[in-house]
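Visitor: my questions concern the predicted model and sequence given below.
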Amino acid sequence: MPAFAGTYQTQLLTYGLTLAIAALGFNLLLGYTGLLSFGHSAFLGTGAYAVALMMRYLGVSSLELFILGGVACSAALAALLGVVCVRHTRIFFAILTLALSQVLWTLAYKFFWITGGTDGLRVPFSKLTLLGGLVSFPGADAFPRFITSYYYYVLVLFCVCTALMWLIVHSPFGKTLQAIRDNETRARFLGVRIWRYRWLAFLVSGIFTGLAGILWVPLNGLVTPDVLYWPQSGKIVFFAVLGGFRNFTGPIVGAVIFNYLEVYAVAVTQYWQITLGVVLIALVTFLPAGIVGTAARLGAWLKRKRQASA
Amino acid sequence: MSLLRTEKLKKHFGETRAVDGVDFTVNESEFLSLVGTNGAGKTTLVNLISAFLLPDSGRIFIGERDITHASVDERIRAGIARSFQLVNLFDDLSVLDNVALAIFAREGKTKRIFALAERDAAVTREASDLLGEFGLGGKSEGRAGGLAQGERKLLDVAVAYALRPKLLFLDEPTSGVSTRDKAQIMDTVSAVVRGGRITAVVIEHDMDVVFKYSDRVVVMHEGRFLADGPPEEIRQNSDVAKYLLGTDV
């Protein structure tokens, strides 16, 4: 990809891949457990702020250490919020996740002497090292090299995350989550402790989304409280709706396409939010199964038609 | 030998005495039918025993163990499983997965996160065999939501049966199906349950079904037991004829 697409397109795709990891995590809750979270910006922001704070206050530059620290913070947060949230479902769960994520946004906003407030914290790529310090990016002209290296780094992690999530949703644990989604009462009468499984799903989901935040921030170069604000959670929901949340690949496709959509909408018009709003309305009205879901239905319909005519 | 007993079990909903001080005993390996008019308290009694509802007072024992305050999963581990009056399945999962999930739950394997469910050959084989016993072998790959009503009823029972309980409660397993399907469902359920030496309590309205398949019949009326005995005795009971069948003996 970097060889023929150029630095800018590679950077865009890398953004898309990091968001796709967040979408994978989010969809474990929505698509497989039946819980709609409006607070996943909390995990994205926690991952991103963990990187910025480690760089600023601990002098860490290794991305592997950022991943360790950021994942630990996201996991701790998800474990804590999960205890409160998973006892509820439907609108109550959605509102709780939204409210708790906004508490974090307020903290990032108000504790400006630590977080930099609205100015945020810088995470310059030039201070970053990959693969335990083997790869670094000194010099003024290092940006294209950083983007190329970082693209491959994120691509590998994206593939690992996708494989891992695929394994999770096809495991007995994943099937149990789907059973809870379909029929909580029956799952309970098979001896499944519903809260425990929802909590575990929440934890895994938070870790994936936190990892996405960790990988996103060096690309962005800056973290501000905006990453914790509710529209960020809305974007993650958008990924799932755009691609289709009742299939595995839908949210991945949704995240990548959304990223391009947003970038080009911003470039074309100052009313880019309206453009995205129209797309969302059109999706919910005409393609409720999302892009991948609709494509799958269309494929199945064509197959049936071909079989009928054969 | 009694497998389950209740002592003065009571559940009132306001003025309605759904279960009113019931002493109920279920013996090992019997096929028991619980009958009564709508609102007699049959489903409430099963709901109390399975922990779907909590009793106002009274006690529940499985063997010698008091399970009155035990949770749902503790009762399942103690050997109680149930199906529901309205079919309760995992509609978006395959027929095989519905049964496999019950087996995973029974074996304590539902927490396995880094293993493919379908690669568990023992569970897949057992689920397939069980579906074969219930006459659903050819449907295992399809979605449970795509089954016909009679098949859904059978799968509902199969999921509960897959827990390998000591005591299986079946809440109206033949409701909402045709007469032909009714006989097929009861023949299958009866054969599997008796073959597995499992004690079954069936809530049923169709008295022809009750008299044909049961070892013992318990009749409920307004939250209390009206009669309890073998089918021939219940058939001759004048109170049962009056309250349940609306006829004289």
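Guide: Cool, the structure landed.
Visitor: which stretches of chain A form strands?
Guide: Assigned by DSSP state E, chain A shows strands spanning A:121-122, A:129-130, A:135-136, A:222-223.
Visitor: what helices or strands is the last one leaning on?
Guide: Based on contacts counted as 3 or more Cβ pairs under 8 Å, 6 or more residues apart in numbering or on different chains; DSSP states H and E, the elements that strand A:222-223 packs against are helix A:41-58, strand A:121-122. Just so you know, the C-beta spots here come from the backbone N, C-alpha and C atoms, and that holds for glycine as well.
Visitor: can you lay out those as a markdown table showing mean pLDDT?
Guide: As requested, the helices and strands packed on strand A:222-223 are arranged in a markdown table below (pLDDT from 0 to 100):
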| stretch | mean pLDDT |
| --- | --- |
| helix A:41-58 | 95 |
| strand A:121-122 | 92 |
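Visitor: tell me the most buried of the ones you listed?
Guide: Neighbour counts (mean count of other Cβ atoms under 10 Å in any protein chain shown) averaged over each of these peak at helix A:41-58, with a mean of 25.
Visitor: what about the closest residue to A:Ile95 other than its chain neighbours, how many residues nearby?
Guide: Nearest non-adjacent residue to A:Ile95, counting by Cβ to Cβ, 6 or more residues apart in numbering or on different chains: A:Phe38, 7.4 Å away. By other Cβ atoms under 10 Å in any protein chain shown, the residues close to A:Phe38 number 20.
Visitor: residue ranges of the helices in the stretch 101-250 of chain A, please?
Guide: A:112-115, A:143-169, A:172-182, A:184-188, A:194-220, A:230-243, A:250-268 (DSSP state H, counting those that start in this stretch).
Visitor: ugh, wrong one, I meant chain B
Guide: Using DSSP state H, the helices of chain B run over residues B:42-49, B:72-77, B:95-106, B:121-133, B:149-161, B:179-195, B:207-213, B:231-236, B:238-240.
Visitor: is chain A contacted by the second one?
Guide: Yes - judged by Cβ under 8 Å from any Cβ of the partner chain, helix B:72-77 and chain A are in contact via B:Val72, B:Asp73, B:Ile76, B:Arg77.
Visitor: okay, stretch A:265-272 in PDB with CA atoms only?
Guide: What follows is stretch A:265-272, C-alpha atoms only, in PDB (Å, rounded to 0.1, in the frame of the first residue of the first chain):
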ATOM      1  CA  ALA A 265     -16.900  15.500   3.700                       C
ATOM      2  CA  VAL A 266     -14.700  17.900   5.700                       C
ATOM      3  CA  ALA A 267     -12.700  18.800   2.600                       C
ATOM      4  CA  VAL A 268     -15.700  19.400   0.400                       C
ATOM      5  CA  THR A 269     -18.100  21.300   2.700                       C
ATOM      6  CA  GLN A 270     -18.000  23.200   6.000                       C
ATOM      7  CA  TYR A 271     -21.400  21.500   6.700                       C
ATOM      8  CA  TRP A 272     -19.800  18.100   6.800                       C
END
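Visitor: list the buried residues of it.
Guide: Under the neighbour-count criterion of 16 or more other Cβ atoms under 10 Å in any protein chain shown, stretch A:265-272 has A:Ala265, A:Trp272 buried.
Visitor: dump the residue contacts of the nearest residue to A:Ala75 once chain neighbours are set aside.
Guide: Counting by Cβ to Cβ, 6+ apart, A:Ala75 lies nearest to A:Ile207, which is 5.2 Å off, once chain neighbours are set aside. Applying Cβ atoms under 8 Å, 6 or more residues apart in numbering or on different chains to A:Ile207 gives the contacts A:Gly25, A:Phe43, A:Val71, A:Ser74, A:Ala75, A:Ala78.
Visitor: turn those residues into a markdown table, columns for distance to B:Gly36.
Guide: What follows is those, written out as a markdown table (distance: Cβ to Cβ, whole Å):
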| residue | distance to B:Gly36 |
| --- | --- |
| A:Gly25 | 51 |
| A:Phe43 | 53 |
| A:Val71 | 58 |
| A:Ser74 | 55 |
| A:Ala75 | 53 |
| A:Ala78 | 49 |
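Visitor: for the lowest-mean-pLDDT helix or strand in chain B, name the packing helices and strands.
Guide: Least confident helix or strand of chain B, by mean pLDDT, DSSP states H and E, is helix B:238-240 with a mean of 78. Here helix B:238-240 is seen to pack against strand B:224-229 when contacts are counted using 3+ Cβ pairs under 8 Å, 6+ apart.
Visitor: partner strands of the strand it packs on, with direction?
Guide: Here strand B:224-229 is paired, per DSSP bridges, with strand B:216-221 (antiparallel).
Visitor: which bits of chain B sit near chain A?
Guide: Checking chain B against chain A by Cβ under 8 Å from any Cβ, the hits are B:50, B:52, B:72-73, B:76-77, B:81-82, B:84, B:88-93, B:97, B:100-102, B:104-106, B:109-118, B:120, B:159-160, B:163.
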